[in-house]
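Student: mind looking at a prediction? Sequence and model below.
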Amino acid sequence: MLKRVNSRYRVGRKKGDWWKWKVDPFSIDAVLTYAMRGHGRRSNLFTDYTFALWGNPKDGGAPELLTFAKAYSGLSDAEFREVDRWIKQHTLERFGPVRSVEPQLVFEIAFEGIALSSRHKSGVATRFPRIARWRKDKKPEDANTLEDLKKLLPSNSQKTKS
């Protein structure tokens, strides 16, 4: 937010002396791995998604999908319905309200910031993740890696944050 130094704080939308300056988001292609039902008018659809990137496990085994972000906005109503149908047909396991799904769908995930995190399996946390678009042109093996995501970290990010 940019504002004139001598401007007063006002409730509601800021105009004139206040200006919201949005930066271009980061983005990365990720694989849908888990889904939950939405809320409100989307409570009958699976619209809350968990996404993963390719990474190497600590034991040095073969690359695997490591979750890094959850998102529930960015698709049209028609796209949400299409993904919902796909989820119901490709569920692998159920964990209460959560379904794990076959790792086949790729989505571009946009986010405002990134930081190291000891709380996430991937070791990275994204700020304000959202779906930018469904990448029907990509296969799961074309999704980005955890290393690709870490390259977006600010150069001064040396300490692990939570």
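Tutor: Happy to help now that I have it.

Student: so how far is residue 147 from residue 25?
Tutor: Distance from residue 25 to residue 147, counting by C-beta to C-beta, to the nearest Å: 20 Å. (C-beta placed from N, C-alpha, C; glycine too.)

Student: more neighbours: which of the two?
Tutor: Per other C-beta atoms under 10 Å, whichever of residue 25 and residue 147 has more neighbours is residue 25, with 16 against 11.

Student: measure the more buried one to residue 91 for me?
Tutor: For residue 25, the distance to residue 91 (C-beta to C-beta) stands at 30 Å.

Student: check residue 54 too.
Tutor: Look at residue 54 and residue 91: by C-beta to C-beta, they are 22 Å apart.

Student: ok, these two, which is more surrounded?
Tutor: Taking neighbours as other C-beta under 10 Å, residue 54 and residue 91 compare with residue 54 leading, 19 against 14.

Student: can you list the weak-confidence ranges in the protein?
Tutor: 1-2, 10-16, 19-21, 59, 156-162 (pLDDT under 70).

Student: switch the cut-off to 80
Tutor: The chain contains residues with pLDDT under 80 at 1-23, 57-61, 120-121, 155-162.

Student: need the longest helix for it.
Tutor: When the chain is parsed with DSSP state H, its longest helix is helix 77-89.

Student: so what's the gap between that helix and the chain middle?
Tutor: 18 Å (C-alpha atoms, centre = their mean, to the nearest Å).

Student: pull out the buried residues from it.
Tutor: Residues 80, 83, 84, 86, 87 are the ones in helix 77-89 that count as buried (16 or more other C-beta atoms under 10 Å).

Student: stretch 112-129 now?
Tutor: Here stretch 112-129 shows 114, 116, 117, 122, 123, 124, 125, 126, 129 as buried, counting by 16+ other C-beta under 10 Å.

Student: show the contacting residues for the last one.
Tutor: When contacts are counted by C-beta atoms under 8 Å, 6 or more residues apart in numbering, residue 129 touches 51, 69, 70, 71, 109, 110, 111.

Student: need the strands for this protein, in chain order.
Tutor: Assigned by DSSP state E, the strands in the chain fall at 2-3, 18-19, 26-37, 46-55, 64-71, 91-95, 98-101, 106-111, 113-116, 124-127, 130-134.

Student: which strands and helices sit next to the last one?
Tutor: With contacts defined as 3 or more C-beta pairs under 8 Å, 6 or more residues apart in numbering; DSSP states H and E, the packing partners of strand 130-134 are strand 106-111.

Student: which neighbours does the strand it packs on have in its sheet, and in what orientation?
Tutor: strand 26-37 (antiparallel), strand 130-134 (antiparallel) (DSSP bridges).
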